[in-house]
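**Student:** Build me a structure from this.
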Amino acid sequence: MNRDQAATSNLIDTSSVIPPLQPQAIGGLYGRPGSLTSKLLPKQPAKVRILALSAPILIALLVLAYINHVLTGPDHVLAAFGLQTLANARPTHVSLPILCDPVALVVLLTALLTPVCCAEQVASIELVVPMIVKNVSYRMDGLDVEAIKTIVRRVNKAFEIVGLKSVSALFLLVSFIESYAVYRYIEHHGLLSSWNPSKLSNTLWRKEVYNGWWANAHTHSFFAALLVIVSTYYLYHLTKQLALGLIFAVFGGTALDKGFGATPNLRVNTDGYYGMRILRYFMQWTYMTTLLGYVLAIGVFAVWLPFNQVAAVVIGIVVVSNIITVVYPTTLVTGGVLLEKQHFIQHLMLNPSLSSDKLNEIVEGVWKVPTLPFRIRGTLSAATLYLLIPTILAFVSSSLK
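**Tutor:** All right, here's what the predicted structure looks like:
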């Protein structure tokens, strides 16, 4: 039994009460009914379909890179990052092959994993409504079920709009334009200008690094095109993922107003996280993809390119988008859990069979239930590191100039 089957087995059938969310409608790779890609390995989860398509392509790319001598580079030419350990070097040629280019490796890894993370988020969101219904079943009679159904229908319609061929084509076009613009920006500014350990001028250094780069448009045009394609693929799925997160955040806020927010099961700890294991999965994958995207943005705009005003703006946009899709939903979960605790305590107080001592004991236990399905201390440490990375990189890059 896989994770999704195990999670589903703990949930009651709620389709007759409130229909589930249908985030798979955002794209064929994510399981949109009737799409061509959803028919590929139909019995397998979306992440398997995605890996079945993307992993062989990535392997083929690396094989081609090896055949064309851009995977490791020529032995007689020093790699750019290898010069970081040499003082007063004045190289006449510098190489930057794929395996010696950490940013390129991050680009490939992020392009491979981002759709997988999105697929896992989709799988989790599908189970959120049944989870909530089960956890609040004791007070379902007091909810405005019709209003909640209307919210679900509107959210599902928004998912369908994101999955339209015309909208997907627009996302793909915008992603290509962004990828091509960034590549031309790199072509104009060169590479690693803020990470120059040599005695060469920054202008000459960044030109030499670009000349020896595995994706140089003049000497390795095929791999330059592949880099743009891989970047487009990543940005396309990132856009889908951001739309998914935004729509789900809107659902969380509007549903919370109707008393149907993210809620724990305060009657019995059914899954080790008071009925919120599904939400934990969703948040874990959200944090992972957020970290991947953030590291990628730092790599491109603070390592490949000089850490300047453009880099600050781009990284600022990334941070704002993460606040919308990560921090805001987290606050909604916190609000939903606190509200559910109040509802449950009111429910207990209406039970005449509970003695005062027993009621106080149960209420004390309710308030001890964690507000989030993970440790807050670890989350705060990760957030602090997240915010410190740009400052550290800016300091290091400026000290190398």
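
**Student:** For residue 213, give me the backbone phi and psi.
**Tutor:** Main-chain torsions, residue 213, degrees, to the nearest 10: phi -80, psi 140.

**Student:** in the sheet, who's paired with it?
**Tutor:** Beta-bridge partners recorded for residue 213 (DSSP bridges): residue 96.

**Student:** quick one: residue 243 and residue 27 touch, right?
**Tutor:** No - contact criterion C-beta atoms under 8 Å: residue 243 and residue 27 do not qualify, at 10.0 Å. All C-beta spots, glycine's among them, are computed from the backbone N, C-alpha and C.

**Student:** Spell out which residues are contacts of both of the two.
**Tutor:** Listed contacts common to residue 243 and residue 27 are residue 162; contacts here mean C-beta atoms under 8 Å, 6 or more residues apart in numbering.

**Student:** Look at these two and report which has more neighbours.
**Tutor:** Set side by side, residue 243 and residue 27 show more neighbours around residue 27, with 26 against 19, by other C-beta atoms under 10 Å.

**Student:** Correct me if wrong: the more buried one contacts residue 165.
**Tutor:** No - between residue 27 and residue 165 there is no contact under C-beta under 8 Å: 10.3 Å.

**Student:** Determine the three-state secondary structure at residue 263.
**Tutor:** The local conformation at residue 263, judged by DSSP: H, G, I helix; E, B strand; the rest coil, is coil.

**Student:** how close does it sit to residue 45?
**Tutor:** 26 Å (C-beta to C-beta, to the nearest Å).

**Student:** the more surrounded of the two?
**Tutor:** The neighbour count for residue 263 versus residue 45, taken as other C-beta under 10 Å, is higher for residue 263 (27 against 17).

**Student:** ok, and the closest non-adjacent residue to residue 101?
**Tutor:** residue 214 (6.6 Å; C-beta to C-beta, 6 or more residues apart in numbering).

**Student:** actually residue 58, not the one I wrote
**Tutor:** With C-beta to C-beta, 6+ apart as the criterion, residue 58 has its nearest non-adjacent residue at 5.8 Å, and that residue is residue 112.

**Student:** Next: residue 106.
**Tutor:** Nearest non-adjacent residue to residue 106, counting by C-beta to C-beta, 6+ apart: residue 299, 4.9 Å away.

**Student:** Run a quick neighbour tally on the one you found.
**Tutor:** 20.

**Student:** pLDDT wise, what is it at?
**Tutor:** Here the pLDDT value assigned to residue 299 is 89.

**Student:** list the contacts for it?
**Tutor:** By C-beta under 8 Å, 6+ apart, residue 299 lies in contact with 102, 103, 106, 107.

**Student:** Pull out the buried residues from those.
**Tutor:** Among the contacts of residue 299, those classed as buried by 16 or more other C-beta atoms under 10 Å are 103, 106, 107.

**Student:** pLDDT weak spots in the stretch 251-400 of the chain?
**Tutor:** For the stretch 251-400 of the chain, residues meeting the criterion pLDDT under 70 lie at 375-400.

**Student:** give me every residue that touches the spatially most central residue of the chain.
**Tutor:** For the chain, the residue nearest the mean C-alpha position is residue 289 (2.4 Å; C-alpha atoms, centre = their mean). Residues in contact with residue 289 (C-beta under 8 Å, 6+ apart) are 113, 114, 117, 118, 121, 241.

**Student:** got a winner among these for most neighbours?
**Tutor:** residue 118 (28 neighbours).

**Student:** Distance of that residue relative to residue 223?
**Tutor:** Plainly put, residue 118 is 26 Å away from residue 223 if you go by C-beta to C-beta.

**Student:** Then residue 139?
**Tutor:** 59 Å.

**Student:** Neighbour count: the two, which is higher?
**Tutor:** A side-by-side neighbour count of residue 139 and residue 223, using other C-beta under 10 Å, places residue 223 first with 22 against 15.

**Student:** Buried residues, the helix or strand where that one lies. List them.
**Tutor:** Using DSSP states H and E, residue 223 sits within helix 221-257. By neighbour count with 16+ other C-beta under 10 Å, helix 221-257 contains the buried residues 223-224, 226-228, 230-256.

**Student:** from the middle of its chain, how far away would it be?
**Tutor:** Relative to its parent chain, helix 221-257 has a centroid offset of 8 Å by C-alpha atoms, centre = their mean, to the nearest Å.

**Student:** surely residue 264 meets residue 337?
**Tutor:** Yes - between residue 264 and residue 337 there is a contact under C-beta under 8 Å: 5.7 Å.

**Student:** So for these two, which sits in the more crowded spot?
**Tutor:** Using other C-beta under 10 Å, the more surrounded residue of residue 264 and residue 337 is residue 264, with 27 against 22.

**Student:** got the angle for the one helix or strand the residue nearest to residue 58 maps to vs helix 221-257?
**Tutor:** Residue 112 belongs to helix 102-126 when assigned by DSSP H and E. Per axes from the mean of the first three to the mean of the last three C-alpha atoms, to 10 degrees, the angle that helix 102-126 makes with helix 221-257 is 30 degrees.

**Student:** so what does the following helix or strand past helix 102-126 touch, helix or strand wise?
**Tutor:** Next in sequence after helix 102-126, counting helices and strands by DSSP H and E, comes helix 128-135. In terms of contacts (3 or more C-beta pairs under 8 Å, 6 or more residues apart in numbering; DSSP states H and E), helix 128-135 is packed against helix 277-298.

**Student:** Determine which two of the contacts of residue 289 are furthest apart.
**Tutor:** Pairwise distances across the contacts of residue 289 (C-beta to C-beta) peak at 12.3 Å, for the pair 113 and 121.

**Student:** To which secondary structure element is the nearest residue to residue 138 once chain neighbours are set aside assigned?
**Tutor:** Counting by C-beta to C-beta, 6+ apart, residue 347 is the residue found nearest to residue 138 once chain neighbours are left out, at 6.3 Å. Using DSSP H and E, residue 347 sits in helix 328-349.
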